[in-house]
Structure formats: structure tokens, C-alpha cells
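1. Quick one, structure for this:
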Amino acid sequence: MAMMNRKRLFSLLMFCILTFYIAWLLLRPVDIVAVHENRHFSSVLVNNFPLTTRGKIEWWLQNKDMLKERYGIPKPASYGDFSITFWLFGDGYKEEGKYDRRCFNDMKTKVNCIEKDIVLNVRNSKNMGVVFFANGGIYRIDKNGKITKVNID
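-> From the prediction side, this is the model:
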């Protein structure tokens, strides 16, 4: 009987620890490490970005004014198009060395590249409006404000 109570107590303790860990993962604030620009294309290096597609798009919607105010992005082209790519900063800047790293020419150092780990791309164009690329899908916000996946056939 005592052994059964210990097992239950251990299971409850593990459940609580797991619950707190997941809550901590989901509630961490996004850390913007750097912003790199090339005309109307912007790269934002981040840590602690939301994991879900909905979380990523909602983060953008809640923080787009802050990005404009603090970092001056997006900077649309004269015809209105822009693209902002959010990259996981991960282990930080590295030398180009490895094949297919994303390097930033606005940094005058050899250590100016990151691993290509895109977490969200936000694009605006005349034809499509604002479109989100996340987790292998393409999404738009419909007239009712609902996030919908774009079906490409």
C-alpha cells in the first residue's frame, strides 16, 4: 500500500514538473538579438520564438508596431512589398565555413553568419497582401480576422 502511494506521489510530482516546464517554454518572452536589413528585406535574429504557427503569427500581430517603432521594420519598397524573416539565433554568429549558412554583409567581420533556421517569414505584396510562411505552411488572415491556411493546388 505504501509503495502504491509513493508511485502516485512520484507520478504527481513528475506531472507538476513537466507542466511547469511546458508553461515556462510557452511563456518565455521572445528575445530579439539583432536586425539586419537589405532594402525591403529584413532579417530578425531571435531566441525563444513561439513554437506553434498560431503563436508565431499572433506574436507578429502583437509586436509589429513595436518592430516598426524600435527597429524601423518593415521598410516597404516603393511599390509596397516587404519581407521579414525571423531566424533562430541559436549558437550565435559563426564564420561562413559551413555550406549554406545565412551571412550578413552589413557586418564587417568574418563571424557574420548563422545557421539557416527560419521560424517565420512575413511577406506583403500587392497581389496577396500579408502572408505568413511558418512550419511548412502558408497562412493569411481572412476578412474576419481568422488565420487560415492557403491551399496551393
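
2. Just give the nearest non-adjacent residue to Ile138, would you?
-> Nearest non-adjacent residue to Ile138, counting by CB to CB, 6 or more residues apart in numbering: Val150, 4.2 Å away. Backbone N, C-alpha and C define where each C-beta goes, glycine included.

3. give the contact list for that neighbour.
-> Val131, Gly137, Ile138, Tyr139, Arg140 (CB atoms under 8 Å, 6 or more residues apart in numbering).

4. wait, the second one sits on Thr53?
-> Spelled out, it's Gly137. Yes - if you go by CB atoms under 8 Å, Gly137 and Thr53 touch, sitting 6.5 Å apart.

5. Give me the common contacts of the two.
-> Residues touching both Gly137 and Thr53 (CB under 8 Å, 6+ apart): there are none.

6. More neighbours: which of these two?
-> Thr53 (18 against 12; other CB atoms under 10 Å).

7. which ones are touching that one?
-> Neighbouring residues of Thr53 by CB under 8 Å, 6+ apart: Phe132, Ala134, Asn135, Gly137, Tyr139, Ile147.

8. List only those of these flagged as buried.
-> Phe132, Ala134, Tyr139 (16 or more other CB atoms under 10 Å).
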